[in-house]
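Asker: Structure for the following, please:
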Amino acid sequence: MDPSMGVNSVTISVEGMTCNSCVWTIEQQIGKVNGVHHIKVSLEEKNATIIYDPKLQTPKTLQEAIDDMGFDAVIHNPDPLPVLTDTLFLTVTASLTLPWDHIQSTLLKTKGVTDIKIYPQKRTVAVTIIPSIVNANQIKELVPELSLDTGTLEKKSGACEDHSMAQAGEVVLKMKVEGMTCHSCTSTIEGKIGKLQGVQRIKVSLDNQEATIVYQPHLISVEEMKKQIEAMGFPAFVKKQPKYLKLGAIDVERLKNTPVKSSEGSQQRSPSYTNDSTATFIIDGMHCKSCVSNIESTLSALQYVSSIVVSLENRSAIVKYNASSVTPESLRKAIEAVSPGLYRVSITSEVESTSNSPSSSSLQKIPLNVVSQPLTQETVINIDGMTCNSCVQSIEGVISKKPGVKSIRVSLANSNGTVEYDPLLTSPETLRGAIEDMGFDATLSDTNEPLVVIAQPSSEMPLLTSTNEFYTKGMTPVQDKEEGKNSSKCYIQVTGMTCASCVANIERNLRREEGIYSILVALMAGKAEVRYNPAVIQPPMIAEFIRELGFGATVIENADEGDGVLELVVRGMTCASCVHKIESSLTKHRGILYCSVALATNKAHIKYDPEIIGPRDIIHTIESLGFEASLVKKDRSASHLDHKREIRQWRRSFLVSLFFCIPVMGLMIYMMVMDHHFATLHHNQNMSKEEMINLHSSMFLERQILPGLSVMNLLSFLLCVPVQFFGGWYFYIQAYKALKHKTANMDVLIVLATTIAFAYSLIILLVAMYERAKVNPITFFDTPPMLFVFIALGRWLEHIAKGKTSEALAKLISLQATEATIVTLDSDNILLRYLSSLFPLLFF
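Answerer: Predicted structure coming up:
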């Protein structure tokens, strides 16, 4: 292509098209514009691709031409793309009688012809054309007197062919794209870049923050794609140098020499070549059936491939090919070159050769001694918010159905889950988000490093993990987890909570404290369950943290009996031998951590792992030794559910505020009545303003004890001070604790309003006394008593109502059944065992 004869292409977005008639109109009108060689309008993509002569037109003029037709045209890419041209050399025959200028004008009117050069001495015409629009045969039809220069054409065609093969190949580019936060970002980039001329395919990965682009370098440059991505607001830079999609040893010469399929019955592929071989490849990077179909369709199109079977489950491909035409290494490179070029292919040792000779049937397959199962990894996810085994089963049931999840084990005691997954299909962050979507708080373990686990077909081959340790079949790598090993649990009685906001406040602040793994607060029960590290923090310190938030907190001493600690009454022991028998038998059981039996008190103190063994199993073990065992009776009064202390507190606050508020309200009402009376006198007797002031100041409450200090303001101040600092004492405590932890609640609002009113009134009164004012200032000492008395009344009534509810709950708890009959059924609901003896129910 002559660089001086440039032809460009531009894509313009067109809005307002409704049907094919609009498409036809635009193509007809713009196609007639001088300098436009070709136009293609797409109704689906709402754009128009125009090939034009830059000497006669520009993208701006083409946009205006479309706008003038009543459509909205927008140029997203102002930089046009070059279009490949070709040059034809034609010889003028001797019978030609037409003048040279007529030949030139005829050809220049033809769409697709960009330039003409005439050489009269050599009787030759050089025509520059756009091959995608016009060809040599069409030129000959326009001017029959012209014939192709065969020698020049062959030479030029050879050069063009080499040039085309150099430029028309597809190139793979990997580009790092930063700033993507969601799948909407990836869709935006794929949509915009995928529409650019020359871009064949694009795949954007949110996890890897990169874009893989297959493009044609003769139509678009790397810099242009980079600018387009950055124009959308995403910083981009080339991550890997572009490489051509080549098939390695399958060179161009071999492809040229490959026999072309005939258009008749010979199109059917031969069942087998004279020398067929079979190779098995392991392919990593396949994610779905689309990958399988893509690889099979691409490889099966090759002449030397008889058949190919790709298995997504085994991540393998079995290829039957002509060994005389291609090697397994070339096939491996061919599979790796399949779009998007991200497959990792390895050749196994299983190769089977067959031929048409009779002896070929006796060939046996060489056994393959490689692992074809996919690699998996394990990750540990901390899960907060689980309260029972139903939560465990719910998480395991949902997560096990996620793509790529091989297995999941959730531990209620350790508040975590161990997930074995395929890293090619999912990631720990995706699994964590899925658990959070179920309503639980999930975090990835800081000390967690994914373990590589390979499913082995034989137990004789050891597994090498990331820490260079070997495991045999049946052994599972277990990672040490600090929380699981060192965590303890305590229960704290919490008072003063009024709503769900209080619960969230306690949980949020305690999770920030060092040594606390998780906390669950029950509003109605007034109870908090805290899992903590005993080496860092103790239950009294946790209770103190809650008290600093403005709530009452008391550690429940015997609450830990429900978490792996059991106290039993054992009857039937007669000597120390019985004690030793019970202790030795229990400690042999898996899950028993500690056992101590006291002969004098007939009590057994047992620590156990509730994930392995239960209280009924322990009782059954003791009874199987010939002794009687039962639970130590506990107090079921649930007295901690009442609100007696809060009721007394707010009743006292209300009565103090009411005692001082009544006089303040009396003074306020008296002044309102007198002001109304003076207004009536002023209206009836036409008193002057000076007379009104003198009459008003003659009142007893308006008399000044000191200059600027009246009896009314002094009494209001004296009555307001006790309410401000005694009646509102609890409000100030709650507000201080809330502000200390950088939070604001209703107590902060109440204290803020009353303090401002009191401070303003006091300051304005002191200023009036300092200035010896003759007119008494207007104060607001009546505001704090009235606010405190009504809000304290509301809090008092609220706790009375909550006390009634808690009392009903306590009575309900006292009605709990204490014993049950154990019935054991099989999977078909057939009775296996019926224990008529009563077992104590365990409520912890």
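
Asker: helix or strand for the residue most central in space within the chain, which one?
Answerer: Closest residue to the average C-alpha location of the chain: residue 433 at 5.5 Å, with Cα atoms, centre = their mean. Element membership for residue 433, per DSSP states H and E: helix 428-437.

Asker: May I have the strands that pair with whichever helix or strand comes after that helix, each with its orientation?
Answerer: Proceeding C-terminally, helix 428-437 gives way to strand 441-444 as the next helix or strand, assigned by DSSP H and E. The strands beside strand 441-444 in its sheet (DSSP bridges) come out as strand 375-384 (antiparallel).

Asker: per-residue pLDDT, the closest residue to residue 56 other than its chain neighbours?
Answerer: Among residues not flanking residue 56 along the chain, residue 35 sits closest, at 2.8 Å (Cβ to Cβ, 6 or more residues apart in numbering). (Each C-beta comes from the backbone N, C-alpha and C, glycine too.) For residue 35, the pLDDT comes out at 83.

Asker: got the contact list for the nearest residue to the residue nearest to the centre of the chain once chain neighbours are set aside?
Answerer: Excluding its sequence neighbours, the residue lying closest to residue 433 (Cβ to Cβ, 6+ apart) is residue 442, at 7.8 Å. Neighbour list for residue 442: 381-384, 432-433, 435-436 [criterion: Cβ atoms under 8 Å, 6 or more residues apart in numbering].

Asker: got the CA positions of stretch 313-322 in CSV?
Answerer: The C-alpha coordinates for stretch 313-322 follow below in CSV (Å, rounded to 0.1, in the frame of the first residue of the first chain):
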residue,chain,number,x,y,z
GLU,A,313,-14.7,-33.1,34.4
ASN,A,314,-11.3,-34.8,33.9
ARG,A,315,-9.9,-31.6,32.3
SER,A,316,-8.5,-33.7,29.5
ALA,A,317,-8.6,-34.0,25.7
ILE,A,318,-8.2,-37.1,23.6
VAL,A,319,-7.0,-36.3,20.1
LYS,A,320,-6.8,-38.7,17.2
TYR,A,321,-4.5,-37.3,14.5
ASN,A,322,-2.3,-38.0,11.5
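
Asker: tell me which residues in that stretch are buried?
Answerer: With burial defined by 16 or more other Cβ atoms under 10 Å, the residues of stretch 313-322 counted as buried are 315-322.

Asker: tell me, which helix in this protein spans the most residues?
Answerer: Identified as the longest helix of the chain according to DSSP state H is helix 644-685.

Asker: Run through the neighbouring helices and strands of it.
Answerer: With contacts taken as 3 or more Cβ pairs under 8 Å, 6 or more residues apart in numbering; DSSP states H and E, helix 644-685 sits against helix 689-697, helix 711-722, helix 729-740, helix 783-814.

Asker: how about a markdown table for these, with mean neighbour count, distance to residue 545 and mean pLDDT added?
Answerer: What follows is the helices and strands packed on helix 644-685, written out as a markdown table (neighbours: other Cβ atoms under 10 Å; distance: least, Cβ to Cβ, whole Å; pLDDT from 0 to 100):
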| stretch | mean neighbour count | distance to residue 545 | mean pLDDT |
| --- | --- | --- | --- |
| helix 689-697 | 12 | 57 | 65 |
| helix 711-722 | 19 | 33 | 88 |
| helix 729-740 | 17 | 11 | 84 |
| helix 783-814 | 17 | 24 | 83 |
